[in-house]
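**Q** Have a look at this prediction, sequence included:
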Amino acid sequence: MLITISILIVSYLLGAIPFGVLISQWGMGIDVRKVGSGNIGATNVLRSGGKKEAALTLLADVLKGWLPVFFVQTYAGDAKLAALAGSAAVVGHIFPVFLKFRGGKGVATALGVMFALMPKAALGAIILFTIVTYLSKHVSLGSISAAVAMPFLGWYVPYGPYSIYASSFIAALIVFRHHENISRLLAGEEHRLGEKKDS
C-alpha cells in the first residue's frame, strides 16, 4: 500500500511540473499564463510566438504522462497501478500544486498516458484529432473529440478494463477542463487556428 501511494504521489508531482511555464520563461522570457488564452500548454506557447518552445512543451507534457505508466508496467507489471499512475499524472497537469491547482487542459499529458496504456487507440485518437481540427479549425474540438473517442477505441481494439476505465476518467477531466471552449463552440465564438487567440 505504501509503495502504491508513493507511486501515485510521484506520478501526480511529475504531472504537476508546469513545463509550458518553465520553457516559455526560459526560451522567450514571458509568462505564458499572461498571454494568449492563458493556458500553459503547447498550443498557447505556440500562439505566443515560440515554435521551438511549443515543441519542447509538447514533448515534455507527453513524456510526463508516458513515463510513470511505463515505469509501473516495466518494474511492477501491474495494469491497475499503471492506469492509476497515468490518471494521477493527468490530474497533476490539470490541478498542479505548483501553480495553486490552476493548470492546463491535460491533452498532451493524456496522450502520453494513452501511448503507454493503449498505443493503437492513441494512434486512432491522433488521427481523429487531426481530421476534426483540420476540418473545423478548432483545436479544442479536435481535443474533445479525441478524448471522448479514446475509451471506445480502447474497447474496440480491445485493451484491458483498467486502461479503459482510466481513459474514461481522463476523458471526463478533459471535457470538464474544456467547458469554456464548449460554451464558445456552441455560441460560435470559439477562436480558430490562424487567429491571434486560440483555445
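**A** Structure received.

**Q** What segments of the protein are helices?
**A** Secondary structure of the chain (DSSP state H): helices at 2-16, 19-28, 42-47, 51-75, 79-94, 107-117, 119-136, 139-156, 161-177, 179-187.

**Q** taking the mean pLDDT, what do you get for the fifth one?
**A** Summarised as a single mean, pLDDT over helix 79-94 is 98.

**Q** The third one too?
**A** Helix 42-47 shows a mean pLDDT of 86.

**Q** For the closest residue to residue 15 other than its chain neighbours, which residues are in contact?
**A** Using Cβ to Cβ, 6 or more residues apart in numbering and skipping the chain neighbours, the partner closest in space to residue 15 is residue 92 (2.7 Å). (C-beta placed from N, C-alpha, C; glycine too.) Counting by Cβ atoms under 8 Å, 6 or more residues apart in numbering, residue 92 makes contact with 11-17, 64, 103, 109.

**Q** at 10 Å instead, please
**A** By Cβ atoms under 10 Å, 6 or more residues apart in numbering, the residues touching residue 92 are 8-18, 64-65, 68, 98, 101, 103, 106, 109.

**Q** Name only those of the residues you listed that count as buried.
**A** Neighbour counting with 16 or more other Cβ atoms under 10 Å marks 8, 10-18, 64-65, 68, 103, 106, 109 as buried within the contacts of residue 92.

**Q** what separates residue 69 from residue 23, distance-wise?
**A** From residue 69 across to residue 23, the span is 23 Å (Cβ to Cβ, to the nearest Å).

**Q** How about residue 41, nearest residue that isn't a chain neighbour?
**A** residue 104 (4.4 Å).
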